[in-house]
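In: pasting the sequence and the predicted model now:
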Amino acid sequence: MSLLLGVDIGTASSKGVLVRDNGTVVATATRAHEVSMPHPGWVEHDAQAVWWADFRAITQELTAAAHEPLAAVGVSGIGPCVLPVDGNDRPLRPAILYGVDTRAQTQIEELNGTLGEQAILERCGSILTSQAVGPKLAWLRANEPETWAASRRFLMASSFLVHRLTGNYVLDHHSASQCTPMYDPVEHRWIEQWAELIAPGLELPALRWPSDVVGEVHPAAAEQTGIPAGTPVVVGTIDAWAEATSVGVTAPGDVMLMYGTTMFLVEVLDRPRRSPDLWGTVGTFPGTHNFAAGMATSGAITEWIRKLTGESSFDPLVAEAQQSPPGAHGLLMLPYFAGERTPLFDPDARGVLIGLTLRHTRGDIYRAALEATAYGVRHNLEAMRDAGGQYHRLVAVGGGTKGGLWTQIVSDVLNAPQQLPRQTIGACLGDALLAAIGIGLSPKVTQWNPIAITIEPRPETAAAYESYYALYRQLYPNTRDIAHALAREQRAGHSCIGGS
């Protein structure tokens with residue numbers, strides 16, 4: 001029996017899995033890391049110190065546990081990202097991460113003025129937001145001219161790993177469909193005129209589908225990673241789409257909720273659709289289309305509370321939050337601690353905690369944070385419905401599904417069941433599955449990670465959350481101007497500190 005290797009580079013950790021060709025897990029490995037935030041609105045990873053170091057450590061650990069032949073390798077990572085590299089494919093600066101990095105607002109406005117916001121939406125399936133690659137490339141060109149002058153190509157986490165393993169410069173069609181406004185999701189090709197306007201002279205990667213075999217591990221990479229030279233490598237994709245594949249989110253109306261540092265949603269559509277409140281993308285396989293949505297924070301807030309309270313684990317906070325009733329004794333939070341992505345697209349949104357009294361406990365605050373992310377999920381699902389989506393099945397994945405409280409709160413707020421798969425390994429299992437598909441060991445419609453349990457909503461609790469959700473929807477517009485003023489002060493204050 002052959003083995004498949006999958007590795008995913010996440011926001012806060014990297015994970016790898018070694019599986020047999022029937023999906024049986026043989027071994028797993030994890031490496032934690034952190035993002036760098038050198039300025040307000042900047043979120044970065046060092047590709048060498050994070051992406052490649054994690055990948056090498058994970059593959060060395062897993063290949064040491066491989067006592068059967070390794071058939072293929074699949075990779076995924078956070079995205080869309082921008083890593084500029086020189087003519088020798090050496091990184092020129094840390095990678096600019098996905099929509100949580102909001103530095104390119106000026107470039108978004110400029111490109112909207114040049115190309116037209118509606119024209120971009122119609123041609124590319126999405127409006128320009130902090131998620132888009134095009135404005136970030138334009139930001140590099142405008143703000144780091146020396147870096148730009150040396151740039152010859154750009155990579156994402158998955159394409160960086162593929163290049164290191166095979167020497168080939170490729171990107172999958174799904175990741176390219178988040179390179180707005182440089183990719184046409186209907187014709188499945190680069191929009192050369194717009195790409196040249198934004199990034200003149202930059203070589204764009206060849207385009208393939210995530211399960212396509214793109215090359216083999218070359219000897220130098222084999223020596224560093226432990227993966228045998230000659231092992232086939234598939235193109236890979238962005239982590240959420242790899243994970244959606246692994247849990248069978250493949251039919252129109254299927255939605256995956258990814259509980260992680262951020263909350264991410266992927267809905268499978270019956271045809272290409274457009275919405276100024278969401279991201280319209282191509283799917284993992286030819287002929288498939290998606291709506292995607294993403295909150296800027298979710299698990300990041302619970303981690304912030306954990307650190308703030310000095311706890312070494314989440315267990316005490318979860319236990320205390322379980323003692324707090326729905327509504328957290330009259331507390332309401334906006335989870336916009338890093339601005340917000342869909343459906344607000346407001347990088348200057350800020351977190352709000354309202355209703356505090358001297359009687360509130362940290363358990364109430366922790367519960368309010370979990371409820372805030374649930375309200376955010378509901379807001380996004382309603383935006384999907386309004387744009388023509390027809391979700392009817394929710395599959396919950398990610399580390400945040402463990403323990404039960406968070407998923408139960410989300411089901412109660414949505415008044416909808418969530419299906420939880422057997423494994424919580426993450427996107428790396430989807431990477432291994434894409435590798436198996438790529439070399440013909442598995443058909444495209446394969447679910448290696450079957451549903452294990454279903455979280456049902458509790459009718460009385462769901463009814464109680466209706467009034468809180470209505471207040472949640474009022475809170476952002478009623479505090480937006482104050483939040484924006486404070487965001488301006490935060491930027492100005494950082495500039496003063498940096499200049500002293």
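Out: All right, it came through fine. Note that the structure is a prediction, hence the values are computed from the model and not measured.

In: run the chain-centre distance for the helix or strand of the chain with the lowest mean pLDDT.
Out: The weakest-scoring helix or strand in the chain, judged by mean pLDDT, DSSP states H and E, is helix 459-499 (a mean of 88). Centroid displacement of helix 459-499 relative to its chain, using Cα atoms, centre = their mean, to the nearest Å, is 22 Å.

In: between the two ends of stretch 267-286, how far is it?
Out: 16 Å (Cα to Cα, to the nearest Å).

In: avg pLDDT for it?
Out: For stretch 267-286, mean pLDDT rounds to 95.

In: repeat for stretch 429-447
Out: Taken as a whole, stretch 429-447 carries a mean pLDDT of 89.

In: cool, stretch 385-394 as well?
Out: For stretch 385-394, the per-residue pLDDT averages 95.

In: what comes into contact with it?
Out: Here stretch 385-394 makes contact (Cβ atoms under 8 Å, 6 or more residues apart in numbering) with 251-257, 267, 269-270, 273-275, 277-278, 291, 381, 384, 414, 416-419. (Glycine included, C-beta is placed from N, CA and C.)

In: okay, buried residues for stretch 172-187 please.
Out: Across stretch 172-187, burial judged by 16 or more other Cβ atoms under 10 Å covers 172-185.

In: just to revisit the earlier point, taking the contacts of stretch 385-394 one by one, which sit in helices?
Out: Using DSSP state H, L381, M384, L414 are the members of the contacts of stretch 385-394 that sit in helices.

In: now the buried members of those residues.
Out: L381, M384, L414.

In: ok, so of those, who is nearest G355?
Out: L414 (22.3 Å; Cβ to Cβ).

In: that closest one and E382 touch, don't they?
Out: No. Counting by Cβ atoms under 8 Å, L414 sits too far from E382 to count as a contact (9.8 Å).

In: now for those two: what residues contact both?
Out: Here L414 and E382 have no joint contacts, going by Cβ under 8 Å, 6+ apart.

In: show me which residues of stretch 32-50 are buried.
Out: Applying a neighbour-count criterion of 16+ other Cβ under 10 Å, one finds H33, V35, P40, G41, W42, V43, E44, H45, D46, A47, V50 buried in stretch 32-50.

In: from those residues, which single one is nearest R306?
Out: Nearest to R306 among the buried residues of stretch 32-50 is V35, at 16.7 Å by Cβ to Cβ.

In: what's near enough to touch that closest one?
Out: V35 makes contact with T11, A12, V43, E44, H45, L97 under the criterion Cβ under 8 Å, 6+ apart.

In: would you mind measuring from it to W241?
Out: V35 is 21 Å from W241, where distance means Cβ to Cβ, to the nearest Å.

In: where exactly do the strands run in the stretch 201-350 of the chain?
Out: Remark: strands assigned in the stretch 201-350 of the chain by DSSP state E, counting those that start in this stretch are 206-208, 213-216, 232-234, 237-238, 254-259, 263-268, 279-282, 289-294, 332-334.

In: show me what the least confident helix or strand of the chain is packed against.
Out: strand 332-334, strand 352-354, helix 362-386, helix 405-414 (3 or more Cβ pairs under 8 Å, 6 or more residues apart in numbering; DSSP states H and E).

In: poorly predicted segments of the stretch 1-150 of the chain, please.
Out: Within the stretch 1-150 of the chain, no stretch has pLDDT under 70.

In: what about the strands in it?
Out: 3-9, 13-20, 25-32, 44-45, 70-77, 83-85, 95-96.

In: packing partners of the second one?
Out: Put plainly, it is strand 13-20. Partner elements for strand 13-20 (3+ Cβ pairs under 8 Å, 6+ apart): strand 3-9, strand 25-32, helix 53-64, helix 427-438.

In: contacts for that strand?
Out: Here strand 13-20 has contacts from 1-8, 25-33, 50-51, 54-55, 58-59, 61-63, 65-66, 68, 425-429, 431-432, 448, using Cβ under 8 Å, 6+ apart.

In: just the buried ones from these?
Out: Of the contacts of strand 13-20, these count as buried by 16+ other Cβ under 10 Å: 3-8, 25-31, 33, 50-51, 54-55, 58-59, 61-63, 66, 425-429, 431-432, 448.

In: tell me the contacts of V85?
Out: With contacts defined as Cβ under 8 Å, 6+ apart, V85 is in contact with P91, L92, S151, R152, R153, F154, L155.

In: what mean pLDDT does stretch 152-172 get?
Out: 98.

In: from one end of it to the other, what's the distance?
Out: 19 Å.

In: leaving out chain neighbours, which residue sits closest to H33?
Out: Excluding its sequence neighbours, the residue lying closest to H33 (Cβ to Cβ, 6 or more residues apart in numbering) is V50, at 4.9 Å.

In: tell me who's in contact with that neighbour.
Out: V50 neighbours (Cβ under 8 Å, 6+ apart): I9, S14, H33.

In: and the gap between G23 and V170?
Out: Going from G23 to V170 by Cβ to Cβ gives 26 Å.

In: scratch that, F160
Out: With distances taken as Cβ to Cβ, F160 is found 11 Å from V170.
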